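In: Predicted model and sequence follow; I will ask about them next.
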Amino acid sequence: MTQEATEGKVYDVAGQDWDKLTEAVAESSEERLVINMGPQHPSTHGVLRLVLTLDGETVTEARTVIGYLHTGIEKNLEYRTWTQGVTFVTRMDYLSPIFNEATYCLGVERLLGIEDRIPDRAQAIRVLTMELTRISSHLMAICTYGMELGATTPFLYGLREREMVLDIMEYITGLRMNMAYIRPGGVSVDLPAGAVDKIGELLKVMPERIKDMRKILDANPVYTRRTKDIAYLDLTGCMALGITGPVLKAAGLPWDLRKSQPYCGYETYDFEIATQTSCDVYGRYQVRVSEMEESLKLIEQALDRLTGPLKNQPVMIEDKKIGWPAQLALGPDGLGNSPAHIAHIMSSSMEALIHHFKLVTEGFRVPAGQAYVPVESPRGELGAHVVSDGGTRPFRVHFRDPSFTNLQAVPAMCEGGYIADVISAVASLDPVMGGVDR
Amino acid sequence: MSDNLPEVPEQPIARTGMFGTSGTGDTSGYGGLVVRRPAPVSSPRPYGSYFDEIVDGLDHEGVERVVVDRGELTLHVAREHLVEVMQKLRDDPALRFELSLGVSGVHYPHETGSELRAVYHLCSITHNRRVRVECATPDTDRHIPSTVSVYPTHNWHERETYDFFGIVFDGHPGLTRIEMPDDWEGHPQRKDYPLGGIPVEYRGAEIPAPDQRRSYA
């Protein structure tokens, strides 16, 4: 069968004479229009391609095409040591890198059987950095939201505030994003002097800034008309499609892994799960803003512990067969092995040098088996299925990325609605293509 | 000898070298690792925690092996019973695994007869429990029934597993590649697929594989 027989007359718009085309289309009675939105489109959050079938302004069919940012991170991991893997996974979902590192390291730690031996200070720092990242990620989600709906002020506000968080991350880890900070056994380096003060400043400023954001958007008539009752997805839809995170919480279910299946000591912190019952874009926005406010509480509690009972405690597991041999220190040429460690391995202990060399180049062996320890990322359940065959490299690592799964909801949210609402629907899912395609 | 080092099993050495690749496969400069394979084991009862309840509640002939390892329950299910088992796991009030976290594939080239695995992570929000379902298929007959009818979220996950491992999910509504281009040859996450060394075509022009390029020495 020819295409004409199955689909009727098809007019392609591909750089031909425009007048001839409009003439030909005017003669036909069909009004079905298929357009490609993306993969290069400012409102699709990166290289997402939507194939939309339109009847007038109504979307009758929405299909999502991904794969434009596939970089083979999971394959590459199989050729690096377990510790080097952190550097790879942090580049998946680039707006919340710490969460990728956390789920990967928690999985490796479960395989190693060292979950109980991770120092409390390392766990508190993990919570601290994760919640900081949650704020920066949600800020990015909300501010791009605003911009895609035509408001530039939230975007400028959001990026300004996000920069504060990224500055702190840079101060602690040396990098703004993709920091490879959480490692199997703990974190790579302790908080530097002055970090606590910087975070304290953030805690002072941020509540006011979040209020400003709320003032601009919460009751803004343009914003509410573009978001309320748009892209409806109820609890049944969420369950069937495997949707987690703010979309699920906006459908009324208080399901948050930090509460229900805690990790990194979240059970000892005091915080609430934000929920809404509207199932729409506005509800998801509200959940994200409330989550930022809760994150501030968590940061404050973690900071109290780090400056109080957990002061001067180790941040890496004591086990010399797993813990990184050197504590990093800032030298004249940047962050590197501490001078004391270099002096030790280069001039006083041959065995220490061999140990350092073996652990850094070959890595540690991880007993065979598989583990899956999910965390609650800003976008939902993020989990790494980590498989070891007993060697020094991962046998297989698969990331269950919430962006990937959540994007499946696009047809359910968009079909039957207006094309303009597709933008708010996709923005409310907050997909990060680095995480989707990996 | 530290406690951290895993026991070295007594089985013969399964293979040497990197994971089935040769030539430029090793990108780190450290090769020659010897990998020994652990024997497939089934855990003895009682499994502990809530695991006994799940296995008793399921009580299905399709469950071939039950493995409890590191506090996680894995059910190895025969592929001809997979859909039934999944349906029961989802619908039985005592089990009620209403949320699936998708499909992950693993390729064990040395386990003859069950080389390819589809691994499903399920979560019960009602009971706050987790279970892992593993379904094996031989490399010579790469077919596993699709579970999209039970968990619609598996749509993309099964496409991904097909794309990366070549497992055909029978009954899937549209099993096409999802991450790789439609005309891609091979399934990249398989262990016999090399890292790099693939010529890349861009707008008709062919860029040779790294090991076949001109030497600048």
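Out: All right, it came through fine. Numbers count the residues shown, from 1 in each chain, chains lettered A, B, ... in the order given.
In: give me the low-pLDDT residue ranges for chain B?
Out: In the predicted model, chain B carries pLDDT under 70 at residues B:1-40, B:196-197, B:210-217.
In: And the strands in it, which stretches?
Out: B:15-16, B:34-35, B:63-69, B:72-77, B:99-107, B:116-124, B:129-137, B:143-145, B:168-170, B:200-202, B:205-207 (DSSP state E).
In: for chain A, same thing?
Out: Assigned by DSSP E, chain A shows strands spanning A:32-37, A:49-55, A:58-65, A:182-183, A:186-187, A:328-331, A:334-337, A:369-372, A:375-377, A:380-388, A:396-400.
In: Using JSON lines, please lay out those strands together with mean pLDDT, distance to B:Ala205 and mean neighbour count.
Out: No exception for glycine: its C-beta is placed from N, CA and C like everyone else's. As requested, the strands of chain A are exported to JSON lines (pLDDT from 0 to 100; distance: least, C-beta to C-beta, whole Å; neighbours: other C-beta atoms under 10 Å in any protein chain shown):
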{"stretch": "strand A:32-37", "mean pLDDT": "81", "distance to B:Ala205": "24", "mean neighbour count": "14"}
{"stretch": "strand A:49-55", "mean pLDDT": "87", "distance to B:Ala205": "23", "mean neighbour count": "17"}
{"stretch": "strand A:58-65", "mean pLDDT": "90", "distance to B:Ala205": "24", "mean neighbour count": "18"}
{"stretch": "strand A:182-183", "mean pLDDT": "92", "distance to B:Ala205": "42", "mean neighbour count": "28"}
{"stretch": "strand A:186-187", "mean pLDDT": "90", "distance to B:Ala205": "46", "mean neighbour count": "27"}
{"stretch": "strand A:328-331", "mean pLDDT": "75", "distance to B:Ala205": "44", "mean neighbour count": "14"}
{"stretch": "strand A:334-337", "mean pLDDT": "75", "distance to B:Ala205": "40", "mean neighbour count": "14"}
{"stretch": "strand A:369-372", "mean pLDDT": "90", "distance to B:Ala205": "42", "mean neighbour count": "23"}
{"stretch": "strand A:375-377", "mean pLDDT": "92", "distance to B:Ala205": "39", "mean neighbour count": "27"}
{"stretch": "strand A:380-388", "mean pLDDT": "92", "distance to B:Ala205": "37", "mean neighbour count": "27"}
{"stretch": "strand A:396-400", "mean pLDDT": "92", "distance to B:Ala205": "33", "mean neighbour count": "25"}
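In: Kindly reformat those strands as JSON lines containing distance to chain B.
Out: Below are the strands of chain A laid out as JSON lines (distance: least, C-beta to the nearest C-beta, whole Å):
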{"stretch": "strand A:32-37", "distance to chain B": "16"}
{"stretch": "strand A:49-55", "distance to chain B": "12"}
{"stretch": "strand A:58-65", "distance to chain B": "9"}
{"stretch": "strand A:182-183", "distance to chain B": "15"}
{"stretch": "strand A:186-187", "distance to chain B": "15"}
{"stretch": "strand A:328-331", "distance to chain B": "21"}
{"stretch": "strand A:334-337", "distance to chain B": "20"}
{"stretch": "strand A:369-372", "distance to chain B": "5"}
{"stretch": "strand A:375-377", "distance to chain B": "12"}
{"stretch": "strand A:380-388", "distance to chain B": "4"}
{"stretch": "strand A:396-400", "distance to chain B": "4"}
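In: Which stretch among those approaches A:Leu21 most closely?
Out: strand A:32-37 (12.7 Å; C-beta to C-beta).
In: by contact count, what packs against the closest one?
Out: strand A:49-55 (3 or more C-beta pairs under 8 Å, 6 or more residues apart in numbering or on different chains; DSSP states H and E).
In: Neighbouring strands - and their directions - for the strand it packs on?
Out: Its sheet considered, strand A:49-55 pairs with strand A:32-37 (antiparallel), strand A:58-65 (antiparallel) by DSSP bridges.
In: okay if I get those strands as CSV plus distance to A:Leu202?
Out: Shown next, in CSV, are the strands paired with strand A:49-55 (distance: least, C-beta to C-beta, whole Å):
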stretch, distance to A:Leu202
strand A:32-37, 37
strand A:58-65, 36
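In: shaky segments in chain A?
Out: Per-residue confidence for chain A (pLDDT under 70) gives these ranges: A:1-4, A:7, A:14-15, A:29-31.
In: Name the residue of it that lies nearest to chain B.
Out: A:Gly242 (3.1 Å; C-beta to the nearest C-beta).
In: What are the neighbouring residues in contact with the residue nearest to that residue when sequence neighbours are not counted?
Out: With C-beta to C-beta, 6 or more residues apart in numbering or on different chains as the criterion, A:Gly242 has its nearest non-adjacent residue at 3.1 Å, and that residue is B:Thr153. Going by C-beta atoms under 8 Å, 6 or more residues apart in numbering or on different chains, B:Thr153 touches A:240-243, A:405, A:408, B:100, B:102.
In: how close does B:Thr153 sit to B:Arg159?
Out: B:Thr153 is 12 Å from B:Arg159, where distance means C-beta to C-beta, to the nearest Å.
In: What's the local residue count around residue 92?
Out: No chain was given, so I picked chain A. A:Met92 has 27 neighbours, counted by other C-beta atoms under 10 Å in any protein chain shown.
In: Chain B is the one I meant
Out: 14.
In: and what of B:Met180?
Out: Using other C-beta under 10 Å, B:Met180 has 17 neighbouring residues.
In: Where do the domain boundaries of chain A fall?
Out: A:3-65, A:73-322+A:364-437 (automatic domain parsing).
In: Redo those as JSON lines? Include distance to B:Pro208.
Out: Putting the domains of chain A into JSON lines (distance: least, C-beta to C-beta, whole Å) gives the following:
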{"stretch": "domain A:3-65", "distance to B:Pro208": "26"}
{"stretch": "domain A:73-322+A:364-437", "distance to B:Pro208": "20"}
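In: Single out the most deeply packed of these.
Out: For the domains of chain A, the largest average neighbour count (mean count of other C-beta atoms under 10 Å in any protein chain shown) is found in domain A:73-322+A:364-437, namely a mean of 21.
In: From the chain's centroid, how far away is that domain?
Out: Distance of domain A:73-322+A:364-437 from its chain centroid, counting by C-alpha atoms, centre = their mean, to the nearest Å, is 5 Å.
In: A:Ala62 against A:Arg49, yeah?
Out: No: judged on C-beta atoms under 8 Å, A:Ala62 makes no contact with A:Arg49 at a distance of 11.2 Å.
In: any idea which residue sits dead centre in chain A?
Out: The centre of chain A sits closest to A:Ser96, judged by C-alpha atoms, centre = their mean, with a distance of 3.4 Å.
In: isn't that residue right next to A:Leu139, touching?
Out: No: judged on C-beta under 8 Å, A:Ser96 makes no contact with A:Leu139 at a distance of 11.5 Å.
In: Enumerate the residues of the stretch 151-300 of chain A near chain B.
Out: Residues of the stretch 151-300 of chain A lying close to chain B by C-beta under 8 Å from any C-beta of the partner chain are A:239-244, A:253, A:255, A:260-261.
In: mind running it again at 6 Å?
Out: A:239-242, A:255, A:260 (C-beta under 6 Å from any C-beta of the partner chain).
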